[in-house]
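> here is the input, now give the coordinates:
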Amino acid sequence: MLRREILALPPDGRLLFLTRFIRLFSYGSLSVILVFYLTGLGLTEAQTGILLTLILVGDTAVSLVLTTQADRIGRRRMLIVGAILMAGAGITFAFTRNFLLLVVAGTIGVISPSGNEVGPFLSIEQAALTEVVPGRSRTEVFAWYTLTGSLATAVGSLAAGRITEALGARSVTPLVSQRAVVILYGALGLLLAILFSRLSGAAEVRGGPLAPPAQSAALGVGTSRRIVIKLSGLFALDAFGGGFVIQSLAAYWFYIRFGVQPGIQLGAIFFGANVLAGFSALLASRLASRIGLVRTMVFTHLPSNILLILIPLMPNVELATVALLLRFSISQMDVPTRQSYTMAVVRPEERSAAAGITGVARTTGAALSPVFVGFLFARHELINLPFIIAGVLKIAYDLLLYRAFVRIRPPEESR
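Got it, this is the predicted structure:
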């Protein structure tokens, strides 16, 4: 049943939920087939790992530029630019085999190899949503926002599997069927640009997209700089660990470990995983109202990382899938709480920049991992190692986060 906070969303809030769904649908569909598509183009596994890293580095640069300027130039304008870059990257990936062109398009454009948010969208949308909803409803709205994205990723993962399976049944080659998904990704980027153009001035910094005093500070943050730096370092560590098991690489692991083909079966696995992840976000907002945002982030994240380590230790695909689903059932409970916490502890005129900088830190951390995974996957005896590395690093993040921030409470928890 929809909560009152969601039913009462203003038009801008509903539009941002729609753009979130469309974007994560496209990310989910692309992530299931991307590694298969790139290797089908003739790239080696090592080249694919390097390309994924460069893609994430490019996403980082794009995000940093657009998010730190969004509160000054305008959130709507920056979202439109990001959508155009997403469309351009998708179209280029669909129609070239040249490694250099793929690197350029992936670096300048917006491509999601993980099924998760990349580019400037999440950071700017978080700031816009915070502007149009009351503070007491923020975590609840962010939880539904996270659920929307997880469901969209799940549906996109399943759709990609069905598209490739259906085209394969008509004797279409795997490469051509996967290219259809890439073309769809580019088309949805164009649709997003159109939708973002309909955002109103209510989503901007109060008083309009004019430069507030804090914008004179480096990267748009002044008063909140120390806390943003601390959060960024920790989020980078978490994302570096997570980068070893991004969805496209996890999907490929199921293929090389158990022979699961990139069709309906693989799509169904990640459909179920993302659905469970999305609904876990709703529980997070209720738990946070009882024990606080930081405790919710840590106490739900720790067991999910233990399950992550257990996945490669499973002897068959059925048990590995169960471990994956159990892990996803609690893995996203830290997402809306993390987003809500960041928005709560920084100044209103620094929200886009703060979300952008912490988001860039996450993307930077995640960008470094795939290049190592590519080399690990090239040696069959090492293919399980990424899961173990990821779990250990993410557990370290949980412990460090709790130590640094458990005493720093957002305003609504201090009353």
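> for the helix or strand containing Ser63, name the packing helices and strands.
Using DSSP states H and E, Ser63 sits in helix 45-73. When contacts are defined as 3 or more C-beta pairs under 8 Å, 6 or more residues apart in numbering; DSSP states H and E, helix 45-73 sits against helix 11-40, helix 75-94, helix 99-108, helix 121-132, helix 351-377. All C-beta spots, glycine's among them, are computed from the backbone N, C-alpha and C.
> where does pLDDT dip in the stretch 1-150 of the chain?
1-7 (pLDDT under 70).
> what is the burial count for the spatially closest residue to Leu283 that is not a sequence neighbour?
Nearest residue to Leu283 in three dimensions, chain neighbours excluded: Met333, at 6.3 Å (C-beta to C-beta, 6 or more residues apart in numbering). Using other C-beta atoms under 10 Å, Met333 has 26 other residues around it.
> what about the biggest helix by length in the chain, distance to the chain center?
For the chain, the longest helix by residue count, based on DSSP state H, is helix 138-169. Chain-centre distance of helix 138-169: 12 Å, with C-alpha atoms, centre = their mean, to the nearest Å.
> and Ala143, how far is that from Leu192?
23 Å (C-beta to C-beta, to the nearest Å).
> between those two, tell me which one has more neighbours.
Ala143 (30 against 24).
> so Pro386, which of the three states?
At Pro386 the chain is in helix, as set by DSSP: H, G, I helix; E, B strand; the rest coil.
> name the nearest residue to it, sequence neighbours excluded.
Nearest non-adjacent residue to Pro386 (C-beta to C-beta, 6+ apart): Phe244, at 3.9 Å.
> and if you look at Pro120?
In space, and not counting its chain neighbours, Pro120 is closest to Leu66: 3.8 Å by C-beta to C-beta, 6+ apart.
> how many neighbouring residues does the one you found have?
25.
> hang on, it packs against Leu122?
No: the criterion here is C-beta atoms under 8 Å, and Leu66 misses it with Leu122 at 11.5 Å.
> show me the contacts for the residue nearest to Ala344 when sequence neighbours are not counted.
In this structure, Ala344 finds its nearest non-sequential neighbour in Pro410, 3.3 Å apart by C-beta to C-beta, 6+ apart. Pro410 sits next to 293, 340-341, 344-345 when contact means C-beta atoms under 8 Å, 6 or more residues apart in numbering.
> ok, Val371 next?
Contacts for Val371 (C-beta under 8 Å, 6+ apart) come out as 49-50, 52-53.
> now the residues you listed as a markdown table including distance to Gly109?
Listed next are the contacts of Val371 as a markdown table, based on distance: C-beta to C-beta, whole Å:
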| residue | distance to Gly109 |
| --- | --- |
| Gly49 | 19 |
| Ile50 | 17 |
| Leu52 | 14 |
| Thr53 | 15 |
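> farthest pair within those residues?
Ile50 and Leu52 (7.4 Å; C-beta to C-beta).
> so between these two, which is more surrounded?
Leu52 (28 against 18).
> which ones are touching the residue nearest to that one when sequence neighbours are not counted?
Once flanking residues are discounted, Leu52 sits nearest to Pro370: 3.9 Å by C-beta to C-beta, 6+ apart. Neighbour list for Pro370: 49, 52-53, 56, 113, 243-244, 246, 249 [criterion: C-beta under 8 Å, 6+ apart].
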